[in-house]
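>>> have a look at this fold, sequence not included:
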């Protein structure tokens, strides 16, 4: 296809058809790796919109019932009856009045926003924002190519129904959007501000850190932040100094749990940013996918929750000689009545297995990563190939998402994990089957699961000494070919006798859904991040001259 002698490529994803210059150097480009990201975002925002609509309807009903001054039990009964009889499709149909507003702050081509508008019920307004003129022009063209001219808006000041393409700085847009939508009487300062957003999507090329302070202020209480970070070299520990500068947290270099650690560093940064403004986070889903991390987090006004923040933020202490690690929150409840916030005590101060010192990582988020009720609902929707909320025929990665969310649904709520190869390496023993070690932990009376990004993960609430007792028993039954050197970490660990009786038999209770592929192979070669796009201008002799960098579709 040609237009003004320029070659174009047409791509269809979900409900959206996009035209991109065939020479991707010219402007914003398209990366198929991110289809799963966008599919997941359509699903999670769809479910959020349903929760939001129900929450708003129940809030209005409460006001109505309060006027009747009913007894408490009757009040609760009527409210529950009302909630159970709500028709979610009817609630979401009136989007011109009560619909959600979405800001795609770093939009690039606008592909994500077109899909949000077309595929998510109950969306009133979407703003496609980008700082680069080339990206803004491409987004406008793509709206027209998708027959959305009739809903295009000239501005977004009061979030009128439709889609606005905004050429602006993302942080400025968010800092100017800090007025709660419920306010009707405005102060002179509030009159200069724009309404908050129900959903803010941050999907930058690299780190989202520079945008988090504005985002936690610009989203409504109960609103949803969708945040991607692709700077895994920093979050994963290859450049801890960079991670500390961006997130005020040190990753653990060479730690086997770095995938989860990256998520917890990001959540820590969001939580601390929100706490400055009397707000807390409620993680809905936190996942690692391909070469990036993606979190969906609700933000709530919650002064009591801010007071409790030290109970959910802490450090990880990693032995320098073996796989032993300990996580400790910064605070604890103490005093005679258990109602006083105190600093936590570190005990022991060195590795109890080898006597080696601990190295310290963090601070990190130690609270929940997911809301399992929402995950259960998401899996139920994904199980219907012809489902309508959202439309499953438009979710190209439905099977991959089923695998991802099935793994997430099986994860226990405890920070970080061991890996079987690392445990075996510490003792120089041959590896048992992963399910044998998990079974031994389960049979010892503890919880155990995998982790969605690491096939060899052992996530458990069992103490370190129980895990090592299981490995000591395995080593005695399957001794290494060569005894470990005297005084080595392996020798110190194996010198102790197991304190528990270990049972490696596989219980029926551990049988999972074997039909779901939890760790599918990459669908094509060279599956990974693209390099950042550049704004390239053709000179008169046909040569290319690179200009300012622009946002990419990654």
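Perfect, thanks for sending it. Computed from a predicted model, the values in this text were never measured in an experiment.

>>> what's the local residue count around the nearest residue to residue 382 once chain neighbours are set aside?
Nearest in space to residue 382, with sequence neighbours left out and distances taken as C-beta to C-beta, 6 or more residues apart in numbering, is residue 402 at 4.9 Å. In short, each C-beta sits where N, CA and C put it, glycine included. Residue 402 has 20 neighbouring residues, counting by other C-beta atoms under 10 Å.

>>> tell me the pLDDT of residue 111.
At residue 111, the model reports a pLDDT of 93.

>>> can you count the residues close to it?
Neighbours of residue 111 under the rule other C-beta under 10 Å: 28.

>>> separation between it and residue 181?
Relative to residue 181, residue 111 is positioned 27 Å away (C-beta to C-beta, to the nearest Å).

>>> also residue 329?
Counting by C-beta to C-beta, the gap from residue 329 to residue 181 is 35 Å.

>>> tell me which of these two has more neighbours.
Higher neighbour count among residue 329 and residue 181: residue 329, with 18 against 14, using other C-beta under 10 Å.

>>> centre of the chain versus the host helix or strand of the residue nearest to residue 382, how much separation?
Following DSSP states H and E, one finds residue 402 within helix 398-410. In terms of C-alpha atoms, centre = their mean, to the nearest Å, the centre of helix 398-410 is set 14 Å apart from its chain centre.

>>> output the contacting helices and strands for it.
helix 35-66, strand 279-289, helix 372-382, strand 448-451 (3 or more C-beta pairs under 8 Å, 6 or more residues apart in numbering; DSSP states H and E).

>>> after the first one comes which helix or strand?
Okay, so that is helix 35-66. In N-to-C order, the element after helix 35-66 by DSSP H and E is helix 72-84.

>>> for the helix or strand following that next one, what is the average pLDDT?
Counting by DSSP H and E, the next helix or strand C-terminal to helix 72-84 is helix 88-93. Mean pLDDT, computed over helix 88-93, is 88.

>>> repeat for stretch 54-66
Averaging pLDDT along stretch 54-66 gives 90.

>>> residues making contact with that stretch?
Outside of stretch 54-66, the residues within contact range by C-beta atoms under 8 Å, 6 or more residues apart in numbering are 75, 78, 79, 82, 83, 86, 88, 91, 98, 222.

>>> these two touch, right, the last one and residue 49?
No - counting by C-beta atoms under 8 Å, no contact exists between residue 222 and residue 49, whose distance comes to 11.9 Å.

>>> more crowded one of these two?
Comparing residue 222 with residue 49 by neighbour count (other C-beta under 10 Å), the higher total belongs to residue 49, at 26 against 17.

>>> rewinding a little: how close does the residue nearest to residue 382 sit to residue 189?
Using C-beta to C-beta, residue 402 is found at 48 Å from residue 189.

>>> where does the protein have low pLDDT?
1-6, 21-30, 512-554 (pLDDT under 70).

>>> so is the residue positioned nearest the centre of the chain in a helix, a strand, or just coil?
The residue lying closest to the centre of the chain (C-alpha atoms, centre = their mean) is residue 295, at 1.4 Å. Put simply, residue 295 is strand when judged by DSSP: H, G, I helix; E, B strand; the rest coil.

>>> roughly how far apart are it and residue 392?
24 Å.

>>> now residue 431
To residue 392, residue 431 is 39 Å away according to C-beta to C-beta.

>>> which residues touch the residue lying closest to residue 339 once chain neighbours are set aside?
In space, and not counting its chain neighbours, residue 339 is closest to residue 333: 6.6 Å by C-beta to C-beta, 6+ apart. Taking C-beta under 8 Å, 6+ apart, we find residue 333 in contact with 311, 339, 340, 341, 342.

>>> now residue 100. Its backbone dihedrals?
The phi/psi pair for residue 100 (degrees, to the nearest 10) reads phi -80, psi 150.

>>> what of residue 69?
Torsion angles at residue 69 (phi, psi; degrees, to the nearest 10) stand at phi 50, psi 50.

>>> from residue 76, how far off is it?
In terms of C-beta to C-beta, residue 69 sits 14 Å off from residue 76.

>>> residue 210 too?
Separation of residue 210 from residue 76 (C-beta to C-beta): 45 Å.

>>> what about residue 187, how many neighbours?
10.

>>> ok, now residue 255?
Neighbourhood size, residue 255 [other C-beta under 10 Å]: 21.

>>> likewise residue 477?
11.

>>> over to residue 490?
Other residues near residue 490 come to 20 when the count uses other C-beta under 10 Å.

>>> and the gap between the closest residue to residue 292 other than its chain neighbours and residue 105?
Leaving aside its sequence neighbours, residue 292 sits nearest to residue 230 (C-beta to C-beta, 6+ apart; 4.2 Å). To residue 105, residue 230 is 15 Å away according to C-beta to C-beta.

>>> who has more neighbours, those two?
residue 105 (27 against 22).

>>> contact partners for the residue lying closest to that one once chain neighbours are set aside?
Residue nearest to residue 105 in three dimensions, not counting chain neighbours: residue 170, with 3.9 Å by C-beta to C-beta, 6+ apart. Listed by C-beta under 8 Å, 6+ apart, the contact set of residue 170 reads 105, 106, 129, 131, 202, 211, 214.
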